[in-house]
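Novice: Got a predicted model here, sequence first, then my questions.
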Amino acid sequence: MTADDVSAAVGRRGKRTLRTRDLGDALTAPAGVVLFLLVWTAVASRLPPSRLVSPWAVAIDLWNNFLRSPRMAVFGLGETGYGELLLYTARNVLIGFAVGSAIGIIIGIASARFRLLRIIIDPIVLVLGTVPVLVAAPLFLLWFGVVPFTQVLLVAGYSAIMMEIFSQAAADNVDPVYEKSAMTRGASWYQRLRFILIPGVAPEILGGLRITLASAWGLETFAEILGAPSGIGQAIKTLTNVNNVAGMLACVSLVAIVAIAADMLLVVTNRHITRWA
Amino acid sequence: MDARPNAMTKAIVVRNLCVDFTRDDGGRVRALNNVSVAIAQGEFICVVGRSGHGKTTLLNVIGGLLGRYEGEVYALGKKVTGPGIDRGVIFQRDAVFPWMRVEDNVAFGLRVAGIPKSERARIAREHLDMVGLGDVKRAWPRELSGGMRARVAVAGVFASDPPILLADEPFGALDYVTRRQLQEVLFQLWQRTQKTVLFVTHDVDEALRLGSRVIVISNGAIVEDQHVDLPPPRTDDDLATPRSLELKHLLLRHIGLE
(Lines give C-alpha, C1' and ligand atoms only; values in the text may rest on other atoms or scores of the structure.)
Protein backbone atom coordinates (compact mmCIF):
# COMPACT_ATOMS: atom_id res chain seq x y z
CA MET A 1 0.00 0.00 0.00
CA THR A 2 1.40 3.33 -1.01
CA ALA A 3 -1.10 5.42 0.87
CA ASP A 4 1.58 7.16 2.90
CA ASP A 5 3.64 7.96 -0.16
CA VAL A 6 0.63 9.24 -2.07
CA SER A 7 -0.56 11.34 0.81
CA ALA A 8 2.86 12.73 1.61
CA ALA A 9 3.38 13.63 -2.03
CA VAL A 10 -0.03 15.25 -2.28
CA GLY A 11 0.64 17.17 0.93
CA ARG A 12 4.04 18.42 -0.25
CA ARG A 13 2.79 19.37 -3.70
CA GLY A 14 -0.26 21.07 -2.13
CA LYS A 15 1.88 23.15 0.20
CA ARG A 16 4.29 24.17 -2.54
CA THR A 17 1.47 25.19 -4.88
CA LEU A 18 -0.19 27.16 -2.08
CA ARG A 19 3.00 29.06 -1.27
CA THR A 20 3.63 29.93 -4.91
CA ARG A 21 0.04 31.04 -5.32
CA ASP A 22 0.15 33.14 -2.13
CA LEU A 23 3.31 34.86 -3.33
CA GLY A 24 1.69 35.56 -6.68
CA ASP A 25 -1.40 36.98 -4.98
CA ALA A 26 0.74 39.15 -2.69
CA LEU A 27 2.53 40.64 -5.70
CA THR A 28 -0.62 41.09 -7.80
CA ALA A 29 -2.74 42.81 -5.14
CA PRO A 30 -0.58 45.98 -4.86
CA ALA A 31 -0.42 46.12 -8.67
CA GLY A 32 -4.21 46.40 -8.73
CA VAL A 33 -4.13 49.25 -6.20
CA VAL A 34 -1.43 51.05 -8.19
CA LEU A 35 -3.48 50.70 -11.40
CA PHE A 36 -6.55 52.09 -9.62
CA LEU A 37 -4.58 55.09 -8.31
CA LEU A 38 -3.12 55.75 -11.77
CA VAL A 39 -6.57 55.76 -13.38
CA TRP A 40 -7.89 57.98 -10.57
CA THR A 41 -5.00 60.44 -11.06
CA ALA A 42 -5.53 60.50 -14.82
CA VAL A 43 -9.26 61.17 -14.50
CA ALA A 44 -8.74 63.81 -11.76
CA SER A 45 -6.25 65.69 -13.93
CA ARG A 46 -9.00 66.23 -16.53
CA LEU A 47 -11.65 67.39 -14.06
CA PRO A 48 -11.89 70.56 -11.94
CA PRO A 49 -11.05 70.15 -8.18
CA SER A 50 -14.68 70.85 -7.33
CA ARG A 51 -15.56 67.53 -9.01
CA LEU A 52 -12.60 65.26 -8.32
CA VAL A 53 -9.18 65.69 -6.71
CA SER A 54 -6.09 63.51 -7.07
CA PRO A 55 -5.24 60.71 -4.63
CA TRP A 56 -2.30 62.83 -3.49
CA ALA A 57 -4.64 65.71 -2.47
CA VAL A 58 -6.80 63.22 -0.59
CA ALA A 59 -3.76 61.86 1.25
CA ILE A 60 -2.71 65.36 2.27
CA ASP A 61 -6.22 66.14 3.55
CA LEU A 62 -6.21 62.89 5.52
CA TRP A 63 -2.83 63.69 7.06
CA ASN A 64 -3.80 67.25 8.01
CA ASN A 65 -7.15 66.34 9.54
CA PHE A 66 -6.62 62.91 11.04
CA LEU A 67 -5.92 63.89 14.62
CA ARG A 68 -7.59 67.30 14.71
CA SER A 69 -9.69 69.02 12.08
CA PRO A 70 -10.64 72.66 12.68
CA ARG A 71 -13.44 72.25 10.11
CA MET A 72 -15.23 69.72 12.27
CA ALA A 73 -15.45 72.14 15.17
CA VAL A 74 -16.91 74.81 12.86
CA PHE A 75 -19.65 72.41 11.82
CA GLY A 76 -20.55 71.36 15.36
CA LEU A 77 -18.70 68.04 15.59
CA GLY A 78 -16.37 69.33 18.36
CA GLU A 79 -12.59 69.43 18.69
CA THR A 80 -12.01 66.27 16.79
CA GLY A 81 -10.32 64.72 13.75
CA TYR A 82 -11.10 61.99 11.25
CA GLY A 83 -9.44 59.42 13.51
CA GLU A 84 -11.77 60.00 16.45
CA LEU A 85 -14.81 60.07 14.17
CA LEU A 86 -13.65 56.81 12.64
CA LEU A 87 -13.34 55.27 16.10
CA TYR A 88 -16.98 56.11 16.78
CA THR A 89 -18.00 54.49 13.48
CA ALA A 90 -15.81 51.42 13.99
CA ARG A 91 -17.06 50.90 17.55
CA ASN A 92 -20.71 50.99 16.41
CA VAL A 93 -20.01 48.68 13.48
CA LEU A 94 -18.18 46.12 15.58
CA ILE A 95 -20.76 46.10 18.40
CA GLY A 96 -23.71 45.94 16.00
CA PHE A 97 -22.04 43.35 13.79
CA ALA A 98 -20.96 41.14 16.71
CA VAL A 99 -24.30 41.20 18.53
CA GLY A 100 -26.42 40.93 15.38
CA SER A 101 -24.33 38.17 13.83
CA ALA A 102 -24.33 36.13 17.04
CA ILE A 103 -28.13 36.35 17.25
CA GLY A 104 -28.50 35.56 13.54
CA ILE A 105 -26.16 32.56 13.67
CA ILE A 106 -27.90 31.05 16.72
CA ILE A 107 -31.39 31.52 15.26
CA GLY A 108 -30.28 30.38 11.80
CA ILE A 109 -28.74 27.12 13.01
CA ALA A 110 -31.59 26.45 15.44
CA SER A 111 -34.22 27.10 12.78
CA ALA A 112 -32.48 24.65 10.44
CA ARG A 113 -32.85 21.90 13.03
CA PHE A 114 -36.22 22.73 14.64
CA ARG A 115 -39.05 22.80 12.12
CA LEU A 116 -41.48 24.75 14.31
CA LEU A 117 -38.94 27.51 14.88
CA ARG A 118 -38.29 27.66 11.14
CA ILE A 119 -42.01 27.97 10.38
CA ILE A 120 -42.21 30.92 12.81
CA ILE A 121 -38.92 32.60 11.96
CA ASP A 122 -38.78 32.39 8.16
CA PRO A 123 -41.69 34.75 7.38
CA ILE A 124 -40.43 37.29 9.94
CA VAL A 125 -36.94 37.30 8.44
CA LEU A 126 -38.39 37.50 4.94
CA VAL A 127 -40.51 40.55 5.83
CA LEU A 128 -37.77 42.33 7.80
CA GLY A 129 -35.18 41.52 5.15
CA THR A 130 -37.20 43.25 2.46
CA VAL A 131 -37.46 46.52 4.40
CA PRO A 132 -35.04 48.89 2.64
CA VAL A 133 -32.47 50.59 4.85
CA LEU A 134 -33.73 53.91 3.43
CA VAL A 135 -37.00 53.20 5.24
CA ALA A 136 -35.65 51.52 8.37
CA ALA A 137 -32.96 54.11 9.19
CA PRO A 138 -35.28 57.16 9.46
CA LEU A 139 -37.76 55.08 11.46
CA PHE A 140 -35.04 54.05 13.92
CA LEU A 141 -34.02 57.72 14.24
CA LEU A 142 -37.62 58.62 15.00
CA TRP A 143 -38.02 55.87 17.58
CA PHE A 144 -34.67 56.01 19.38
CA GLY A 145 -33.34 59.53 18.63
CA VAL A 146 -29.93 60.83 17.59
CA VAL A 147 -27.91 58.51 19.83
CA PRO A 148 -25.27 55.83 19.10
CA PHE A 149 -27.77 53.09 20.03
CA THR A 150 -29.80 53.91 16.91
CA GLN A 151 -26.92 53.13 14.55
CA VAL A 152 -25.84 50.06 16.54
CA LEU A 153 -29.38 48.71 16.42
CA LEU A 154 -29.63 49.25 12.68
CA VAL A 155 -26.35 47.45 12.04
CA ALA A 156 -27.25 44.67 14.49
CA GLY A 157 -30.69 44.21 12.94
CA TYR A 158 -29.46 43.87 9.37
CA SER A 159 -26.49 41.71 10.47
CA ALA A 160 -28.87 39.39 12.32
CA ILE A 161 -31.13 39.02 9.29
CA MET A 162 -28.25 38.35 6.89
CA MET A 163 -26.52 35.90 9.21
CA GLU A 164 -29.77 34.09 9.98
CA ILE A 165 -30.20 33.40 6.28
CA PHE A 166 -26.55 32.37 5.77
CA SER A 167 -26.53 30.16 8.89
CA GLN A 168 -29.79 28.42 8.11
CA ALA A 169 -28.55 27.61 4.60
CA ALA A 170 -25.19 26.49 6.00
CA ALA A 171 -26.83 24.12 8.50
CA ASP A 172 -29.15 22.78 5.78
CA ASN A 173 -26.10 22.03 3.65
CA VAL A 174 -24.30 19.93 6.26
CA ASP A 175 -24.65 16.38 4.97
CA PRO A 176 -26.97 14.47 7.37
CA VAL A 177 -24.67 11.45 7.09
CA TYR A 178 -22.15 13.20 9.40
CA GLU A 179 -24.70 13.65 12.18
CA LYS A 180 -25.97 10.09 11.69
CA SER A 181 -22.42 8.79 11.87
CA ALA A 182 -21.80 10.76 15.07
CA MET A 183 -25.03 9.43 16.58
CA THR A 184 -24.06 5.83 15.88
CA ARG A 185 -20.73 6.48 17.58
CA GLY A 186 -22.43 7.67 20.75
CA ALA A 187 -22.29 11.47 20.38
CA SER A 188 -24.79 13.37 22.50
CA TRP A 189 -26.83 16.31 21.22
CA TYR A 190 -24.23 18.75 22.55
CA GLN A 191 -21.33 16.74 21.11
CA ARG A 192 -22.99 16.66 17.69
CA LEU A 193 -23.43 20.43 17.87
CA ARG A 194 -19.82 20.99 18.92
CA PHE A 195 -17.99 18.44 16.79
CA ILE A 196 -20.23 18.15 13.72
CA LEU A 197 -22.61 21.03 13.17
CA ILE A 198 -20.40 23.97 14.15
CA PRO A 199 -17.35 22.87 12.10
CA GLY A 200 -19.67 21.84 9.27
CA VAL A 201 -21.32 25.23 9.00
CA ALA A 202 -18.10 27.20 9.59
CA PRO A 203 -17.02 27.76 5.95
CA GLU A 204 -20.39 29.12 4.83
CA ILE A 205 -20.89 31.17 7.99
CA LEU A 206 -17.45 32.72 7.74
CA GLY A 207 -18.17 33.65 4.12
CA GLY A 208 -21.46 35.18 5.26
CA LEU A 209 -19.70 37.12 8.01
CA ARG A 210 -17.43 38.75 5.43
CA ILE A 211 -20.39 39.92 3.35
CA THR A 212 -22.29 41.06 6.46
CA LEU A 213 -19.31 42.98 7.83
CA ALA A 214 -18.73 44.69 4.50
CA SER A 215 -22.41 45.72 4.46
CA ALA A 216 -22.23 46.87 8.08
CA TRP A 217 -19.72 49.63 7.25
CA GLY A 218 -22.01 51.03 4.60
CA LEU A 219 -25.08 50.77 6.84
CA GLU A 220 -23.39 52.53 9.74
CA THR A 221 -22.05 55.34 7.56
CA PHE A 222 -25.46 55.81 5.96
CA ALA A 223 -27.19 55.85 9.37
CA GLU A 224 -24.69 58.46 10.58
CA ILE A 225 -25.33 60.64 7.53
CA LEU A 226 -29.04 60.62 8.36
CA GLY A 227 -28.40 61.62 11.97
CA ALA A 228 -25.80 60.79 14.59
CA PRO A 229 -23.91 62.60 17.36
CA SER A 230 -20.56 61.72 15.74
CA GLY A 231 -18.97 59.38 13.24
CA ILE A 232 -17.37 59.42 9.83
CA GLY A 233 -20.82 59.60 8.20
CA GLN A 234 -21.44 62.93 9.93
CA ALA A 235 -18.07 64.16 8.67
CA ILE A 236 -18.99 63.14 5.09
CA LYS A 237 -22.32 64.93 5.43
CA THR A 238 -20.60 68.07 6.74
CA LEU A 239 -17.94 68.06 4.03
CA THR A 240 -20.57 67.45 1.34
CA ASN A 241 -22.40 70.58 2.50
CA VAL A 242 -19.28 72.68 1.90
CA ASN A 243 -18.39 70.80 -1.29
CA ASN A 244 -15.03 69.65 0.12
CA VAL A 245 -14.26 66.82 -2.30
CA ALA A 246 -10.81 66.05 -0.84
CA GLY A 247 -12.26 65.74 2.67
CA MET A 248 -15.18 63.58 1.49
CA LEU A 249 -12.86 61.23 -0.37
CA ALA A 250 -10.48 61.16 2.61
CA CYS A 251 -13.32 60.01 4.88
CA VAL A 252 -14.53 57.43 2.36
CA SER A 253 -10.96 56.14 1.89
CA LEU A 254 -10.52 55.90 5.64
CA VAL A 255 -13.65 53.75 6.02
CA ALA A 256 -12.57 51.66 3.04
CA ILE A 257 -9.09 51.07 4.50
CA VAL A 258 -10.49 50.00 7.88
CA ALA A 259 -13.16 47.84 6.21
CA ILE A 260 -10.51 46.11 4.07
CA ALA A 261 -8.28 45.58 7.13
CA ALA A 262 -11.21 44.05 9.04
CA ASP A 263 -12.03 41.86 6.06
CA MET A 264 -8.42 40.69 5.81
CA LEU A 265 -8.56 39.73 9.47
CA LEU A 266 -11.67 37.67 8.75
CA VAL A 267 -10.00 36.07 5.73
CA VAL A 268 -7.00 35.03 7.83
CA THR A 269 -9.31 33.65 10.54
CA ASN A 270 -11.36 31.89 7.88
CA ARG A 271 -8.26 30.27 6.38
CA HIS A 272 -7.15 29.03 9.77
CA ILE A 273 -10.53 27.66 10.84
CA THR A 274 -11.33 26.05 7.49
CA ARG A 275 -7.81 24.83 6.67
CA TRP A 276 -9.32 21.38 6.26
CA ALA A 277 -11.58 22.46 3.37
CA MET B 1 -35.18 -19.78 9.54
CA ASP B 2 -36.01 -19.65 13.24
CA ALA B 3 -39.42 -17.99 13.43
CA ARG B 4 -39.28 -17.32 17.17
CA PRO B 5 -35.63 -16.72 17.97
CA ASN B 6 -34.60 -15.92 21.50
CA ALA B 7 -33.75 -12.22 21.67
CA MET B 8 -31.38 -12.82 24.58
CA THR B 9 -29.02 -15.27 22.85
CA LYS B 10 -28.84 -13.73 19.39
CA ALA B 11 -26.95 -10.59 18.48
CA ILE B 12 -29.78 -9.29 16.32
CA VAL B 13 -33.39 -10.43 16.28
CA VAL B 14 -35.97 -9.00 13.89
CA ARG B 15 -39.57 -10.18 14.14
CA ASN B 16 -42.39 -9.33 11.76
CA LEU B 17 -40.80 -6.08 10.74
CA CYS B 18 -42.87 -3.83 8.50
CA VAL B 19 -41.77 -0.39 7.33
CA ASP B 20 -43.89 2.00 5.30
CA PHE B 21 -42.80 5.23 3.66
CA THR B 22 -45.07 8.06 2.63
CA ARG B 23 -44.58 9.33 -0.91
CA ASP B 24 -44.73 13.02 -1.82
CA ASP B 25 -48.20 12.47 -3.30
CA GLY B 26 -49.43 11.10 0.04
CA GLY B 27 -49.45 7.46 -1.07
CA ARG B 28 -47.75 4.78 1.03
CA VAL B 29 -45.00 2.41 -0.04
CA ARG B 30 -44.20 -0.73 1.93
CA ALA B 31 -40.40 -0.97 2.08
CA LEU B 32 -40.23 -4.02 4.35
CA ASN B 33 -43.00 -6.57 4.65
CA ASN B 34 -43.11 -8.93 7.61
CA VAL B 35 -39.35 -9.49 7.78
CA SER B 36 -38.05 -11.87 10.44
CA VAL B 37 -34.41 -12.78 10.86
CA ALA B 38 -32.09 -13.78 13.68
CA ILE B 39 -28.34 -13.24 13.55
CA ALA B 40 -26.04 -15.12 15.89
CA GLN B 41 -23.18 -13.42 17.70
CA GLY B 42 -20.02 -13.42 15.61
CA GLU B 43 -21.89 -14.15 12.40
CA PHE B 44 -20.94 -12.34 9.17
CA ILE B 45 -24.23 -12.01 7.33
CA CYS B 46 -24.53 -10.42 3.91
CA VAL B 47 -27.78 -8.95 2.65
CA VAL B 48 -28.11 -8.82 -1.13
CA GLY B 49 -30.85 -7.57 -3.38
CA ARG B 50 -31.68 -5.04 -6.02
CA SER B 51 -31.67 -1.31 -5.33
CA GLY B 52 -34.82 -0.07 -3.64
CA HIS B 53 -35.91 -3.48 -2.38
CA GLY B 54 -35.35 -2.82 1.33
CA LYS B 55 -31.73 -3.73 2.17
CA THR B 56 -30.74 -0.31 3.49
CA THR B 57 -34.10 0.10 5.24
CA LEU B 58 -33.46 -3.11 7.20
CA LEU B 59 -29.97 -1.88 8.15
CA ASN B 60 -31.31 1.54 9.16
CA VAL B 61 -33.96 0.01 11.41
CA ILE B 62 -31.39 -2.23 13.15
CA GLY B 63 -29.03 0.76 13.40
CA GLY B 64 -31.76 2.80 15.06
CA LEU B 65 -31.68 5.38 12.29
CA LEU B 66 -35.29 4.79 11.28
CA GLY B 67 -37.68 5.34 14.13
CA ARG B 68 -41.06 4.38 12.67
CA TYR B 69 -41.59 0.70 12.14
CA GLU B 70 -43.95 -2.10 13.08
CA GLY B 71 -42.68 -5.32 14.63
CA GLU B 72 -39.86 -6.06 17.02
CA VAL B 73 -36.15 -5.39 16.60
CA TYR B 74 -33.60 -6.37 19.25
CA ALA B 75 -29.85 -5.85 19.38
CA LEU B 76 -28.01 -7.82 22.06
CA GLY B 77 -31.31 -8.47 23.79
CA LYS B 78 -32.36 -4.81 23.97
CA LYS B 79 -35.20 -3.35 21.95
CA VAL B 80 -33.86 -0.97 19.31
CA THR B 81 -35.24 2.51 19.91
CA GLY B 82 -32.43 4.60 18.41
CA PRO B 83 -28.74 4.57 17.48
CA GLY B 84 -26.37 3.12 20.06
CA ILE B 85 -22.68 2.49 20.58
CA ASP B 86 -23.39 -1.26 20.51
CA ARG B 87 -24.07 -0.94 16.74
CA GLY B 88 -21.37 0.71 14.65
CA VAL B 89 -22.33 1.75 11.14
CA ILE B 90 -20.19 2.09 8.01
CA PHE B 91 -22.26 4.21 5.67
CA GLN B 92 -22.68 3.91 1.93
CA ARG B 93 -21.74 7.56 1.52
CA ASP B 94 -18.46 9.06 2.66
CA ALA B 95 -19.07 9.86 6.33
CA VAL B 96 -15.48 10.72 7.27
CA PHE B 97 -15.59 14.16 8.88
CA PRO B 98 -13.64 16.50 6.56
CA TRP B 99 -12.83 18.93 9.40
CA MET B 100 -11.02 16.33 11.52
CA ARG B 101 -7.61 14.89 10.85
CA VAL B 102 -7.51 11.17 10.08
CA GLU B 103 -6.55 10.14 13.62
CA ASP B 104 -9.25 12.37 15.14
CA ASN B 105 -11.81 10.79 12.83
CA VAL B 106 -10.79 7.33 13.97
CA ALA B 107 -10.78 8.39 17.63
CA PHE B 108 -14.09 10.27 17.46
CA GLY B 109 -16.16 7.55 19.13
CA LEU B 110 -13.58 7.29 21.90
CA ARG B 111 -13.51 11.05 22.37
CA VAL B 112 -17.27 11.35 22.84
CA ALA B 113 -17.08 8.41 25.24
CA GLY B 114 -14.65 10.40 27.40
CA ILE B 115 -11.56 8.21 26.84
CA PRO B 116 -8.36 10.13 27.79
CA LYS B 117 -6.45 11.71 24.92
CA SER B 118 -3.31 9.56 25.17
CA GLU B 119 -5.36 6.37 25.32
CA ARG B 120 -7.51 7.25 22.32
CA ALA B 121 -4.43 8.32 20.34
CA ARG B 122 -2.92 4.90 21.01
CA ILE B 123 -6.09 3.08 19.95
CA ALA B 124 -6.46 5.25 16.84
CA ARG B 125 -2.85 4.61 15.87
CA GLU B 126 -3.32 0.89 16.38
CA HIS B 127 -6.40 0.79 14.14
CA LEU B 128 -4.85 2.98 11.48
CA ASP B 129 -1.93 0.56 11.35
CA MET B 130 -4.41 -2.31 10.95
CA VAL B 131 -5.93 -0.71 7.84
CA GLY B 132 -2.54 0.38 6.46
CA LEU B 133 -2.88 4.10 7.10
CA GLY B 134 -0.45 4.46 9.98
CA ASP B 135 1.63 7.06 8.15
CA VAL B 136 -1.20 9.45 7.27
CA LYS B 137 -2.71 9.90 10.70
CA ARG B 138 -2.16 13.68 10.62
CA ALA B 139 -3.55 14.13 7.10
CA TRP B 140 -6.84 15.83 6.32
CA PRO B 141 -9.46 13.62 4.63
CA ARG B 142 -9.34 15.80 1.48
CA GLU B 143 -5.74 14.66 1.01
CA LEU B 144 -6.81 11.02 0.81
CA SER B 145 -8.25 8.96 -2.02
CA GLY B 146 -11.76 7.47 -1.82
CA GLY B 147 -10.29 4.09 -0.90
CA MET B 148 -8.18 5.57 1.88
CA ARG B 149 -11.21 7.40 3.30
CA ALA B 150 -13.12 4.12 3.28
CA ARG B 151 -10.26 2.61 5.30
CA VAL B 152 -10.55 5.51 7.76
CA ALA B 153 -14.27 4.78 8.12
CA VAL B 154 -13.57 1.10 8.79
CA ALA B 155 -10.83 1.95 11.31
CA GLY B 156 -13.11 4.46 13.07
CA VAL B 157 -15.89 1.96 13.57
CA PHE B 158 -13.57 -0.80 14.80
CA ALA B 159 -11.77 1.64 17.12
CA SER B 160 -15.08 2.33 18.88
CA ASP B 161 -15.33 -1.46 19.36
CA PRO B 162 -19.08 -2.02 18.95
CA PRO B 163 -20.09 -5.69 19.24
CA ILE B 164 -22.30 -5.30 16.14
CA LEU B 165 -21.14 -3.80 12.86
CA LEU B 166 -23.62 -2.67 10.21
CA ALA B 167 -22.15 -1.89 6.79
CA ASP B 168 -24.29 -0.36 4.06
CA GLU B 169 -22.60 -1.01 0.71
CA PRO B 170 -19.46 0.61 2.10
CA PHE B 171 -17.25 -0.23 -0.89
CA GLY B 172 -19.86 0.17 -3.62
CA ALA B 173 -18.40 3.39 -5.02
CA LEU B 174 -14.81 2.14 -5.17
CA ASP B 175 -12.86 0.66 -8.06
CA TYR B 176 -12.53 -3.13 -8.26
CA VAL B 177 -8.97 -3.41 -6.94
CA THR B 178 -9.56 -1.05 -3.99
CA ARG B 179 -12.82 -2.86 -3.21
CA ARG B 180 -11.03 -6.20 -3.10
CA GLN B 181 -8.33 -4.76 -0.84
CA LEU B 182 -10.92 -3.35 1.54
CA GLN B 183 -12.89 -6.60 1.58
CA GLU B 184 -9.70 -8.27 2.74
CA VAL B 185 -9.09 -5.62 5.41
CA LEU B 186 -12.65 -5.92 6.71
CA PHE B 187 -12.54 -9.71 6.67
CA GLN B 188 -9.26 -9.78 8.61
CA LEU B 189 -10.62 -7.34 11.19
CA TRP B 190 -13.75 -9.46 11.55
CA GLN B 191 -11.70 -12.63 12.00
CA ARG B 192 -9.61 -10.90 14.65
CA THR B 193 -12.51 -9.35 16.57
CA GLN B 194 -15.36 -11.80 15.82
CA LYS B 195 -17.92 -9.02 15.76
CA THR B 196 -21.40 -9.63 14.44
CA VAL B 197 -21.50 -8.12 10.96
CA LEU B 198 -24.51 -7.25 8.83
CA PHE B 199 -23.12 -6.32 5.43
CA VAL B 200 -25.45 -4.91 2.78
CA THR B 201 -24.29 -5.24 -0.79
CA HIS B 202 -25.72 -5.54 -4.29
CA ASP B 203 -22.71 -7.63 -5.34
CA VAL B 204 -23.35 -11.38 -5.03
CA ASP B 205 -19.63 -12.20 -5.45
CA GLU B 206 -18.81 -9.85 -2.56
CA ALA B 207 -21.48 -11.53 -0.43
CA LEU B 208 -20.15 -15.02 -1.22
CA ARG B 209 -16.56 -13.93 -0.59
CA LEU B 210 -17.28 -12.42 2.84
CA GLY B 211 -20.45 -13.85 4.30
CA SER B 212 -20.92 -16.88 6.49
CA ARG B 213 -24.58 -16.49 5.57
CA VAL B 214 -26.33 -14.61 2.78
CA ILE B 215 -29.93 -13.42 2.76
CA VAL B 216 -31.72 -12.10 -0.30
CA ILE B 217 -34.28 -9.34 0.03
CA SER B 218 -36.72 -8.80 -2.79
CA ASN B 219 -39.69 -6.44 -2.75
CA GLY B 220 -39.27 -5.87 0.98
CA ALA B 221 -39.27 -9.55 1.96
CA ILE B 222 -36.59 -12.13 2.67
CA VAL B 223 -36.82 -14.62 -0.16
CA GLU B 224 -33.68 -16.66 0.54
CA ASP B 225 -31.50 -17.34 3.56
CA GLN B 226 -28.39 -19.42 2.79
CA HIS B 227 -25.48 -20.53 4.96
CA VAL B 228 -22.30 -20.35 2.90
CA ASP B 229 -20.59 -23.65 3.56
CA LEU B 230 -17.28 -22.69 1.95
CA PRO B 231 -14.31 -22.27 4.29
CA PRO B 232 -13.05 -18.69 4.67
CA PRO B 233 -11.03 -16.79 3.57
CA ARG B 234 -12.39 -17.36 0.08
CA THR B 235 -10.14 -16.85 -2.89
CA ASP B 236 -11.12 -16.38 -6.55
CA ASP B 237 -10.58 -20.14 -7.01
CA ASP B 238 -12.94 -20.88 -4.13
CA LEU B 239 -15.61 -18.77 -5.82
CA ALA B 240 -15.19 -20.79 -9.02
CA THR B 241 -15.97 -24.17 -7.47
CA PRO B 242 -19.19 -25.96 -8.49
CA ARG B 243 -20.69 -25.47 -5.02
CA SER B 244 -19.90 -21.77 -5.06
CA LEU B 245 -21.34 -21.33 -8.55
CA GLU B 246 -24.42 -23.24 -7.51
CA LEU B 247 -24.90 -20.84 -4.58
CA LYS B 248 -24.33 -17.86 -6.85
CA HIS B 249 -26.96 -19.04 -9.33
CA LEU B 250 -29.39 -19.65 -6.49
CA LEU B 251 -28.91 -16.14 -5.13
CA LEU B 252 -29.10 -14.53 -8.57
CA ARG B 253 -32.30 -16.41 -9.28
CA HIS B 254 -33.87 -15.03 -6.11
CA ILE B 255 -32.65 -11.53 -6.95
CA GLY B 256 -34.43 -11.95 -10.27
CA LEU B 257 -31.49 -12.02 -12.64
CA GLU B 258 -31.67 -15.62 -13.82
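Specialist: In hand now; what should we look at?
Novice: Burial check on residue 242, number of neighbours?
Specialist: Going with chain A. If you count neighbours by other Cβ atoms under 10 Å in any protein chain shown, A:V242 ends up with 11. For glycine as for every other residue, the C-beta is placed from the backbone atoms N, C-alpha and C.
Novice: looking at chain B here, not the other one
Specialist: Residues lying near B:P242 (other Cβ under 10 Å) number 7.
Novice: Which pLDDT value does the model give it?
Specialist: At B:P242, the model reports a pLDDT of 91.
Novice: how about the residue of the stretch 151-258 of chain B found nearest chain A, what does it touch?
Specialist: Nearest residue of the stretch 151-258 of chain B to chain A, counting by Cβ to the nearest Cβ: B:S160, 5.4 Å away. Contacts for B:S160 (Cβ atoms under 8 Å, 6 or more residues apart in numbering or on different chains) come out as A:R185, A:G186, B:I85, B:G88, B:F108, B:G109, B:L110, B:A113.
Novice: per-residue confidence at the spatially closest residue to it that is not a sequence neighbour?
Specialist: Nearest residue to B:S160, sequence neighbours excluded (Cβ to Cβ, 6 or more residues apart in numbering or on different chains): B:G109, at 3.1 Å. For B:G109, the model assigns a pLDDT of 96.
Novice: and the closest residue to B:S212 other than its chain neighbours, how many neighbours does it have?
Specialist: Residue nearest to B:S212 in three dimensions, not counting chain neighbours: B:F44, with 4.8 Å by Cβ to Cβ, 6+ apart. By the criterion of other Cβ under 10 Å, B:F44 has 24 neighbours.
Novice: Secondary structure class of A:G157, three-state.
Specialist: Following DSSP: H, G, I helix; E, B strand; the rest coil, A:G157 is assigned to helix.
Novice: where in chain A is pLDDT low?
Specialist: By pLDDT under 70, the weakly predicted segments of chain A are A:1-20.
Novice: care to break it down by domain?
Specialist: Following automatic domain parsing, chain A resolves into domains at A:1-46, A:64-273.
Novice: Is it possible to get JSON lines of the ones you listed that adds distance to B:A40?
Specialist: Formatted as JSON lines, those follow (distance: least, Cβ to Cβ, whole Å):
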{"stretch": "domain A:1-46", "distance to B:A40": "33"}
{"stretch": "domain A:64-273", "distance to B:A40": "22"}
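Novice: backbone phi and psi for the residue nearest to B:S212, please?
Specialist: phi -110, psi 100 (degrees, to the nearest 10).
Novice: next one: phi and psi at B:E70?
Specialist: Main-chain torsions, B:E70, degrees, to the nearest 10: phi -110, psi 150.
Novice: Can you list the neighbours in contact with stretch B:249-258?
Specialist: Stretch B:249-258 has contacts (Cβ under 8 Å, 6+ apart) with B:V48, B:G49, B:R50, B:V204, B:A207, B:L208, B:V214, B:V216, B:S218, B:V223, B:E224, B:Q226.
Novice: let's see it at 7 Å
Specialist: Outside stretch B:249-258, the residues within contact range by Cβ atoms under 7 Å, 6 or more residues apart in numbering or on different chains are B:V48, B:G49, B:R50, B:V204, B:V214, B:V216, B:S218, B:V223, B:E224, B:Q226.
Novice: Please apply the same query to stretch B:35-50.
Specialist: B:1-3, B:5, B:10-17, B:55, B:58, B:190, B:194, B:196-202, B:204, B:207, B:210-218, B:221-222, B:251, B:255-256.
Novice: quick revisit: select from the contacts of stretch B:249-258 every entry located in helices.
Specialist: Among those, DSSP state H puts B:V204 in helices.
Novice: Which one (most neighbours) among the contacts of stretch B:249-258?
Specialist: B:G49 (28 neighbours).
Novice: Can you tell me how far whatever residue of the stretch 101-250 of chain B ends up closest to chain A is from B:D129?
Specialist: The minimum distance from the stretch 101-250 of chain B to chain A, using Cβ to the nearest Cβ, falls at B:D135 (3.2 Å). From B:D135 across to B:D129, the span is 9 Å (Cβ to Cβ, to the nearest Å).
Novice: go on, A:W276?
Specialist: To B:D129, A:W276 is 23 Å away according to Cβ to Cβ.
Novice: With B:W140 instead?
Specialist: From B:W140 to B:D129 the distance is 19 Å (Cβ to Cβ).
Novice: And these two? Which one has more around it.
Specialist: Neighbour count, other Cβ under 10 Å: between B:W140 and B:D129, B:W140 has more, with 19 against 13.
Novice: ok, for that one, nearest residue in space, not its chain neighbours?
Specialist: Nearest one to B:W140, counting by Cβ to Cβ, 6+ apart, is A:W276 at 4.8 Å.
Novice: OK, contacts around the one you found?
Specialist: Counting by Cβ under 7 Å, 6+ apart, A:W276 touches B:P98, B:W99, B:W140, B:R142.
Novice: tell me the SS of it?
Specialist: Strictly by three-state DSSP, A:W276 counts as coil.
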